[in-house]
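> A predicted structure for the sequence below; I have some questions about it.
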Amino acid sequence: MISLKGKGPIGAKIEDLGISVRAMHAHERPIAAIAALHRTLDDFNSDLVHSWLYHADLLGGISARILGYPLLWGLHIESPKSPRLKWTTRLVARVNALSSGWIPDHIVSCSRTAADAHVRLGYANDRMSVIPNGFELDEFRPDPERRASFREDAGIPADAPVVGKVARYHPAKDHQNFLRAAVHAQNKRPDLHFVLAGTDVVPGELLFCEYEQRLAPGTLHLLGRRDDIPRLMAALDVATLSSETEAFPMVLGEAMACGVPCVATDVGDVAYLLGDTGIVVPPAAPKALADGWLQLVEAPEKREELGRKARRRVQENFSQEAVIEQYELVYERLTCAD
């Protein structure tokens with residue numbers, strides 16, 4: 001495996017599985033990294049190259065084409081025109097659109113909305129297919145012991161209703177939407193607790209300081225980056241997504257696999273993922289988000305039934321095994337094309 005930047009925490013986990021990870025550090029030495037990437041791809045002598053995200057698609061794609069490897073591009077961004085992307089990233093996406101008819105042999109998007117948005121930009125429709133993200137059902141599952149232990153460690157009463165969101169601190173994730181909704185919801189249910197976890201979601205950030213003052217003391221739990229997300233998800237009563245843009249959000253499927261119903265903004269493939277197991281609301285509408293939470297918090301039997309349906313939906317449509325099979329079919333087709 002090759003990372004254009006550093007290995008990071010995910011790279012370390014991949015190496016723990018016995019898979020080699022080589023870091024190009026392109027953000028530090030871009031020209032040298034391009035040459036190193038080409039040499040590394042040549043050294044691997046692979047059957048196929050599968051690249052992910054715009055820069056890797058372009059740079060890895062050029063090298064793969066020169067070396068004669070079958071090439072698969074991966075798309076995991078809802079819109080290539082999003083103003084939240086750097087202008088350089090949007091430029092690379094446009095270059096990829098122009099070259100998508102001859103550099104990649106095939107393109108896989110993780111969501112239908114993302115595929116449509118990229119085709120509108122100019123990506124080759126005849127090379128595009130959609131394979132959703134998959135979820136590890138043995139790891140993400142309902143678990144009363146995990147629920148109890150997480151709440152005890154976090155200082156949350158065992159019987160308190162808990163709404164949670166897992167996302168890094170980034171404008172696209174719209175934490176302010178979540179926090180405004182939390183104020184609305186807690187005005188009606190003072191016993192509500194709110195859990196936020198993700199990179200840079202920590203006390204001291206100005207936005208969080210403001211809302212810690214507006215919510216009941218001790219009810220906003222800012223946990224930062226966590227390595228126990230299955231345990232966290234199992235502890236929630238309602239999982240939520242407040243983002244203004246997504247493609248196919250993993251956190252919702254993970255919560256569903258844990259038997260937790262979701263209330264989420266209508267972005268990307270959220271409505272398709274949830275089906276009839278959760279509540280979809282408009283983006284940037286905190287009152288609607290809060291009302292969705294309250295619908296589930298105040299109807300425990302409905303909430304539990306939706307949670308069971310949510311897990312079944314993931315089992316039947318988005319299991320990791322089913323998604324792996326779809327990718328294997330694409331790999332076989334590309335490597336046997338000759």
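Now that the structure is in, tell me what you want to look at.
> What segments of this protein are strands?
Assigned by DSSP state E, the chain shows strands spanning 2-3, 22-23, 49-52, 71-75, 106-109, 128-130, 162-166, 193-197, 220-222, 238-241, 262-265, 279-281.
> wait, doesn't Arg127 sit right on Gly101?
Yes. With contact defined as C-beta atoms under 8 Å, Arg127 reaches Gly101; the gap is 7.2 Å. The C-beta positions use only the backbone N, C-alpha and C, and glycine is treated the same way.
> neighbour count winner among those two?
Set Arg127 next to Gly101 and count neighbours by other C-beta atoms under 10 Å: Arg127 wins out with 17 against 13.
> phi, psi of the closest residue to Tyr123 other than its chain neighbours?
In space, and not counting its chain neighbours, Tyr123 is closest to Ser100: 4.6 Å by C-beta to C-beta, 6 or more residues apart in numbering. Main-chain torsions, Ser100, degrees, to the nearest 10: phi -70, psi -20.
> How about the contacts made by Ser100?
Ser100 makes contact with Trp73, Ile107, Gly122, Tyr123, Ala124, Arg127, according to C-beta atoms under 8 Å, 6 or more residues apart in numbering.
> Closest one of these to Gly204?
Trp73 (39.4 Å; C-beta to C-beta).
> okay, now that closest one: neighbour count?
Residues lying near Trp73 (other C-beta under 10 Å) number 30.
> Distance of it relative to His55?
For Trp73, the distance to His55 equals 12 Å [C-beta to C-beta, to the nearest Å].
> what's the spacing between the helix ranked longest in the chain and its chain's center?
The single longest helix within the chain, with elements called by DSSP state H, is helix 300-317. Distance of helix 300-317 from its chain centroid, counting by C-alpha atoms, centre = their mean, to the nearest Å, is 20 Å.
> ditto for stretch 149-167
Counting by C-alpha atoms, centre = their mean, stretch 149-167 comes out at 22 Å from the chain centroid.
> May I see the buried residues of it?
Residues Phe150, Arg151, Ile156, Pro161, Val162, Val163, Gly164, Lys165, Val166, Ala167 are the ones in stretch 149-167 that count as buried (16 or more other C-beta atoms under 10 Å).
> my guess is the second one contacts Gly164, does it?
This points to Arg151. No. Between Arg151 and Gly164 there is no contact under C-beta under 8 Å: 11.2 Å.
> can you pull out the helices in the stretch 51-200 of the chain?
Using DSSP state H, counting those that start in this stretch, the helices of the stretch 51-200 of the chain run over 54-67, 87-99, 112-121, 144-154, 175-188.
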